[in-house]
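> Kindly return the folded structure for what I paste below:
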Amino acid sequence: MSWTDERVELLKKMWGEGQSASQIAKELGGVTRNAVIGKVHRLGLSNRATGASPAKAEPKEKPAPAPKAEAKPKPAPKTEPARPAPAAEAKPAIPARRQIIPAGQPLPPQPSANEISPEALAKVNEIEKKAKKLTLMELTEKTCKWPVGDPATEDFWFCGLPVEAGKPYCEAHVGVAFQPMSSRRDRRR
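Residues are numbered from 1 along each chain as shown. Sure thing, here's the model as predicted:
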């Protein structure tokens, strides 16, 4: 089946009248609904005008390029919100927390160390003197898994003292890792 000028005109007329692609395919004969839809899109008739004549349907295909022209200015607002983003990047703490450190490089000072109470730090220092200094392969369910040192160095080890029930750490390290929310909030102020 080929699209003759007569068949195309009939398609335009019926499409303009608001008939469905299936109805048009039946009327034309020898074409499928999908073939009608494809031809409609190739002709630029996707905008329907109910009760419109073919002459009225043709001017509607000319405005179709106009939305394409409008689509070009739309990315401009997308670039404008990107301008405030550098202001958000001015906060040095956010990128520093997400920074990836290559293996073998020393870790930067951790901000959480400043938030730990002096009492908890003193207790941790005392406990770490008594620690078993286990390697990863020596850890069990009953040993404290608190890491100490830089994992990229040979001086890295785990506490290894007996854990508190239901926790992965010993009593001293639980006090550092699981602090009440209110005390953390108070220290930040």
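
> which stretches of the protein form helices?
All helices of the chain, identified by DSSP state H, fall at 5-16, 21-28, 33-43, 54-61, 65-71, 75-82, 84-89, 93-98, 112-115, 118-130, 171-177, 181-188.

> just checking, what packs against the second one?
In terms of contacts (3 or more CB pairs under 8 Å, 6 or more residues apart in numbering; DSSP states H and E), helix 21-28 is packed against helix 5-16, helix 33-43. Glycine gets a C-beta too; all of them are placed from N, C-alpha and C.

> Distance check, residue 155 against residue 118.
Relative to residue 118, residue 155 is positioned 25 Å away (CB to CB, to the nearest Å).

> can you check residue 44 too?
75 Å.

> So which of these two has more stuff around it?
When residue 44 and residue 118 are compared for neighbours, residue 44 comes out ahead with 15 against 7, by other CB atoms under 10 Å.

> Roughly how far does that one sit from residue 12?
Relative to residue 12, and taking CB to CB, residue 44 is found at 11 Å.

> how far does stretch 13-20 stretch from start to finish?
12 Å (CA to CA, to the nearest Å).

> Break the protein into its domains for me.
5-69, 113-188 (automatic domain parsing).

> where among those domains is the average confidence lowest?
Here the lowest mean pLDDT among the domains of the chain goes to domain 5-69, at a mean of 76.

> Show the contacting residues for residue 159.
If a contact means CB atoms under 8 Å, 6 or more residues apart in numbering, then residue 159 has 127-128, 131-134, 143-146, 148, 169-170, 173 as its contacts.

> Throw together a PyMOL command that grabs the buried residues out of those.
Only the buried entries of the contacts of residue 159 go into this PyMOL selection, using 16 or more other CB atoms under 10 Å:
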select buried, resi 127+128+131+134+143+144+145+146+169+170+173
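
> Could you identify the most distant pair in the contacts of residue 159?
133 and 169 (15.1 Å; CB to CB).

> burial measure for the closest residue to residue 15 other than its chain neighbours, as a count.
Of all residues beyond its chain neighbours, the one nearest residue 15 is residue 45 (5.3 Å), with distances taken as CB to CB, 6 or more residues apart in numbering. Residue 45 has 20 neighbours, counted by other CB under 10 Å.

> Residue 45 is in contact with residue 12, isn't it?
Yes. At 6.5 Å, residue 45 counts as touching residue 12 under the criterion of CB atoms under 8 Å.
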